[in-house]
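[1] Predicted model, plus sequence, below.
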Amino acid sequence: MNVVYLAKNKRSAARCLEEVVSRGCAVSAVVVGEPSPLDHESQRVDLVAERHGLPMVSEEELYALAPELDGRVDLVLSVLYPRLIRRPLMELARVACLNFHPAPLPDWRGLGGYNMAILERLEEWGASAHFVDEHFDTGDIVRVKRFPFDPESETAWSLDLLSQEHLFELFCQVLELALSGDPLPREPQGEGRYVSARDLQRLSMVPEDASAEEIERRVRAFWHPPWPGATIVRDGRAFTLVDQRLLDEAALTLRDAGQVP
């Protein structure tokens, strides 16, 4: 089976590409953004592609190649890819063009799922596989993998770590279905909520009259370094809030890395 793979540099995305290769799929193209200096090598999708000799192209180059790939691609797989997949790419695959989204659909589309899960005191989260259509996160659902979590202790960071394991498991399940040759299940989405970058920025701001409980929840909900966290603004400058628990975790991480005075 021939695959086009688009992803963000993240550990689960790198593992998913390894899974594609290990299942004997041919990979026609890999699209991934430029690595950040903060990316760990285990997150680097480009390193997986290089290790297996897979062709890497830019998004622009992939769209230019689409006519040449027409009729040759079985699956277009998007794993945490941050950009909207457009025609003709989403119609290129003979089997399916699928996106793997780190939140349960249709309930949570767009950005900031981990933040919202904690802010909304949800007790269940999930990852979703869905067909790609013209909009973000609205295509027919293949499968949603749900799991419990504790909204009173998790941070956005820790929920991300937990979610990525479930997303990888979901990817393996759906890839197995696609390789079986049977039609993939598809269920139209109902109404859902879309969270934008503007929504997240607004919610990250800590009101001056916020209670201690509300501040603590926002601190956890937006703790995902290096992104700005729960924020206060003074004299035009933004500051991220942390609590003692997060300081203790940071101190242990530095200790384990040998970064001690």
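    Cool, the structure landed.
[2] Please identify the buried residues of stretch 176-188?
    For stretch 176-188, a neighbour-count test (16 or more other C-beta atoms under 10 Å) marks Leu177, Ala178, Leu179, Leu184 as buried. Every residue, glycine included, has its C-beta placed from N, CA and C.
[3] Take those and keep only those in helices.
    Secondary structure defined by DSSP state H assigns Leu177, Ala178, Leu179 of the buried residues of stretch 176-188 to helices.
[4] quick one, what contacts the second one?
    Taking C-beta atoms under 8 Å, 6 or more residues apart in numbering, we find Ala178 in contact with Met1, Asp74, Leu75, Val95, Ala96, Leu98, Leu184.
[5] Let's see that with 10 Å instead.
    For Ala178, the contact set (C-beta atoms under 10 Å, 6 or more residues apart in numbering) comprises 1, 3, 23, 25, 74-75, 77, 93, 95-96, 98, 129, 142, 184.
[6] just the buried members of the residues you listed?
    1, 3, 25, 74-75, 77, 93, 95-96, 98, 129, 142, 184.
[7] Adding pLDDT and distance to Gln43, write those residues out as TSV.
    Formatted as TSV, the buried ones among the contacts of Ala178 follow (pLDDT from 0 to 100; distance: C-beta to C-beta, whole Å):
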residue	pLDDT	distance to Gln43
Met1	95	25
Val3	99	20
Cys25	98	21
Asp74	98	27
Leu75	98	23
Leu77	99	17
Ala93	95	26
Val95	97	28
Ala96	98	26
Leu98	98	21
Ala129	99	21
Val142	99	25
Leu184	98	28
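[8] what are the ranges of the strands in the stretch 101-250 of the chain?
    Applying DSSP state E, counting those that start in this stretch to the stretch 101-250 of the chain gives strands spanning 108-110, 124-131, 141-148, 193-195, 231-234, 237-240.
[9] okay, how far is it across stretch 16-29, tip to tip?
    By C-alpha to C-alpha, to the nearest Å, the extent of stretch 16-29 from end to end equals 15 Å.
[10] follow-up on the earlier one: looking at the buried ones among the contacts of Ala178, which is nearest Glu169?
    Closest approach between the buried ones among the contacts of Ala178 and Glu169, by C-beta to C-beta: Ala129, at 11.0 Å.
[11] The closest one contacts Glu169, correct?
    No - here Ala129 lies out of contact with Glu169, judged by C-beta atoms under 10 Å, at a distance of 11.0 Å.
[12] what is in contact with those two at once?
    Contact criterion C-beta under 10 Å, 6+ apart; residues shared by Ala129 and Glu169: Lys145.
[13] Helices along the stretch 1-150 of the chain, start to end?
    For the stretch 1-150 of the chain, the helices defined by DSSP state H, counting those that start in this stretch occupy 11-22, 45-51, 59-69, 113-119.
[14] Out of these, which is the most enclosed?
    Scoring the helices of the stretch 1-150 of the chain by mean neighbour count under mean count of other C-beta atoms under 10 Å gives helix 113-119 as the most buried, with a mean of 24.
[15] still on that earlier bit, out of the buried residues of stretch 176-188, what pair is the most spread apart?
    Applying C-beta to C-beta across the buried residues of stretch 176-188, the maximum distance is between Leu179 and Leu184, 10.8 Å.
[16] anything in contact with each of the two?
    Val95.
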